[in-house]
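Asks: Dropping the sequence and predicted coords here.
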Amino acid sequence: MVTSTKGRLAAVAVAAGFALLYWQVFARLVMDWYHDDNYSHGFLIVPIAVYFAWERRERLKAEAQTPSVLGLVVVIGSIAVLLAGILGSELFLTRVSIVGALTGTVLFMFGWRHLRILAFPIAFLLLMIPIPAILFNQIAFPLQLLASKFGEAAMGMADVPVLREGNVLILANTTLEVAEACSGIRSLVSLLTLAIVLGYFSDRRLWVRLFVALSSIPVAVVTNGIRVAGTGIAAHKFGAAAAEGFFHEFSGWLVFVAAFALTLAIQRIIALVAPAAAPAPMAASV
């Protein structure tokens with residue numbers, strides 16, 4: 001931690017330089033959070049990451065500062081990535097360079113031990129960055145097909161006549177398209193973020209945190225498939241209006257709440273089946 005006046009001045013100078021270098025990148029990133037519902041959770045990422053770092057303040061104070069020149073190399077490399085992203089109009093590179101520059105700054109000013117302590121808060125910031133469009137499409141389209149197949153199977157089990165062509169479900173009275181917005185990727189990213197936070201606060205064991213986070217992926221996929229099936233059944237019974245407007249949007253929120261509740265239930269089951277060991281009692285002083 002910075003304790004001397006000279007150190008505080010250096011930290012202020014570094015923060016000012018960082019803000020000057022990245023303010024346009026960050027402003028564009030905030031606009032994407034605002035306009036893209038797939039990443040609206042980005043507004044929560046920075047405050048949560050700051051809290052994670054603040055929570056480690058005592059550990060940081062206890063560690064000696066051992067600045068590493070390798071951090072300067074990382075910062076220079078991150079700036080090079082930023083320039084490459086600007087010249088190539090590649091937003092993902094400019095945004096990833098934020099995390100790289102922050103990593104290099106911590107390493108250069110404080111050293112490896114401080115970076116190790118702050119590794120999780122810094123890595124958590126990656127969740128605020130939208131993935132590249134080419135990768136997004138590679139993920140979204142298979143999810144659309146998976147949701148369509150799940151919906152077709154579920155509606156068949158409910159004796160609802162349906163014909164699937166790709167990601168289009170043809171019913172007797174209407175046709176439903178499982179669009180990109182219905183692929184479930186939005187709920188998957190948001191649920192994964194919440195699952196990471198849930199695992200962090202609920203259990204200190206790494207394997208439990210990883211399990212809770214990874215379990216959110218199949219939970220998001222399955223619950224979205226149930227939503228598609230439910231929409232199809234409702235459209236079959238009540239007409240196309242049941243798959244549009246308020247009912248469609250409300251079902252999305254309802255399914256997301258159910259997905260988070262299921263993720264929470266998984267965490268609670270783990271806590272019951274494999275409870276964390278109680279901390280060893282302190283020896284009484286004589």
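Replies: Happy to help now that I have it.

Asks: Hmm, Thr231 is touching Glu249, no?
Replies: No. Using CB atoms under 8 Å, Thr231 makes no contact with Glu249, being 11.3 Å away. Bear in mind the C-beta positions are built from the backbone N, C-alpha and C, glycine included.

Asks: more crowded one of the two?
Replies: More crowded of Thr231 and Glu249, by other CB atoms under 10 Å: Thr231, with 24 against 10.

Asks: Would you state the predicted confidence (pLDDT) at that one?
Replies: On the pLDDT scale, Thr231 is placed at 83.

Asks: which element is it on?
Replies: Using DSSP states H and E, Thr231 sits in helix 206-238.

Asks: Return the list of helices and strands in contact with the worst-scoring helix or strand of the chain on mean pLDDT.
Replies: Ranked by mean pLDDT, DSSP states H and E, the helix or strand of the chain with the weakest confidence is strand 175-177, at a mean of 81. Strand 175-177 sits against strand 168-171, helix 206-238, with contacts defined as 3 or more CB pairs under 8 Å, 6 or more residues apart in numbering; DSSP states H and E.

Asks: And whatever helix or strand comes next after it, what's buried?
Replies: Counting by DSSP H and E, the next helix or strand C-terminal to strand 175-177 is helix 185-202. Judged by neighbour count (16 or more other CB atoms under 10 Å), helix 185-202 contains these buried residues: 185-200, 202.

Asks: Phi and psi next, for Ser68.
Replies: Torsion angles at Ser68 (phi, psi; degrees, to the nearest 10) stand at phi -120, psi 130.

Asks: right, and it touches Met109 too?
Replies: No. Using CB under 8 Å, Ser68 is not in contact with Met109; the gap is 9.2 Å.

Asks: re earlier: can you put the helices and strands packed on strand 175-177 in a markdown table and add distance to Phe141?
Replies: Listed next are the helices and strands packed on strand 175-177 as a markdown table, based on distance: least, CB to CB, whole Å:
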| stretch | distance to Phe141 |
| --- | --- |
| strand 168-171 | 13 |
| helix 206-238 | 14 |
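
Asks: Tell me which of these lies nearest to Val74.
Replies: Proximity to Val74 (CB to CB) singles out helix 206-238 among the helices and strands packed on strand 175-177, at 25.0 Å.
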